[in-house]
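>>> sequence and predicted structure below; questions after.
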Amino acid sequence: GIKYLISKKDWISKHRLPEPEGYKDGQMITEDTVLRIIETDKKRASYSIQPGSYIIYIPSAYKEAKRKSVIEKYIKSLLKRECENRLVPLLERMAKNEKIRIKEIRVKSMKSRWGSCNHENVITLNSALVLVPVELAEYVLCHELAHTRHLNHGEKFWREVEKMLPDYKIRRKRMRKYNSAKII
């Protein structure tokens, strides 16, 4: 209950990234992309993607709540696009190397998982996966590819992951410090 949550307050706050109101101009969004938030006298918000930066143009007339929701919406949209551009092609190459047929790759914002794979070999990636270092994202991609052959987490599944990624245990351990719910 509530007492348990209060007892975990420090851990929770340490393991959460800023809420959308915490997004600041000049903040690094991915390893190599800076967020720029620029006030404008235009009527509508917009954004653009430049090499190394996401630029969100916010009308100065927007009140704080509207400003926060627009920034959150654009960042989610930008992360989805970034994941589609960076990680989907990587997953496709990895699948080809392993001779694994994927029916479909989806990218969406997910609260509690980095990815999933169903019995039809549809792999869904969390758009926030683009925010972790690429070698850790590779672990998640291998994990989902292994599920195309073994839908459980049994011994054969982990052997499959290890075959694709011999150092998966190190990456898996490092990945545990990230939590998709705290990122977006």
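That came through, no problem.

>>> pretty sure L35 is touching G26, no?
Yes. Because the distance of 7.2 Å satisfies CB atoms under 8 Å, L35 is recorded as touching G26. From N, CA and C alone the C-beta is placed, and that goes for glycine too.

>>> so between those two, which is more surrounded?
L35 (20 against 9; other CB atoms under 10 Å).

>>> what score does that one have for pLDDT?
Reported pLDDT at L35 in the predicted model: 92.

>>> list the contacts of the residue in the chain sticking out farthest from the centre.
For the chain, the C-alpha farthest from the mean C-alpha position belongs to D41; by CA atoms, centre = their mean, that distance is 32.0 Å. Remark: with contacts taken as CB atoms under 8 Å, 6 or more residues apart in numbering, D41 is in contact with P59, S60.

>>> from L131, how far out is it?
In this structure, D41 and L131 are 32 Å apart, going by CB to CB, to the nearest Å.

>>> now do C83
The span separating C83 from L131 equals 9 Å under the rule CB to CB.

>>> enumerate every residue touching V132.
For V132, the set of contacting residues under the criterion of CB under 8 Å, 6+ apart consists of M175, Y178.

>>> just the pLDDT at the most centrally placed residue in the chain, thanks.
Geometric centre of the chain, nearest residue: A128, 1.3 Å, by CA atoms, centre = their mean. Predicted confidence (pLDDT) at A128: the value is 90.

>>> correct me, but it touches L78?
No. Checked against CB under 8 Å, the pair A128 and L78 is beyond contact range at 11.4 Å.

>>> so Y57 lies in a strand, does it not?
Yes. Using DSSP: H, G, I helix; E, B strand; the rest coil, the secondary structure at Y57 is a strand.

>>> run through the residues that contact the nearest residue to H147 once chain neighbours are set aside.
Counting by CB to CB, 6 or more residues apart in numbering, the nearest residue to H147 once its immediate chain neighbours are dropped is C117, at 3.7 Å. Applying CB under 8 Å, 6+ apart, one finds that C117 lies in contact with I123, T124, E144, L145, H147, T148, L151.

>>> give the burial count for the last one, as a bare number.
One way to gauge burial is a neighbour count; for L151, by other CB under 10 Å, it gives 12.

>>> just checking, it touches H119?
Yes. In this structure, L151 sits in contact with H119. The criterion is CB under 8 Å, and the distance is 6.2 Å.

>>> tell me the bridge partners for G115.
With DSSP bridges applied, G115 shows beta-bridge pairing to L125.
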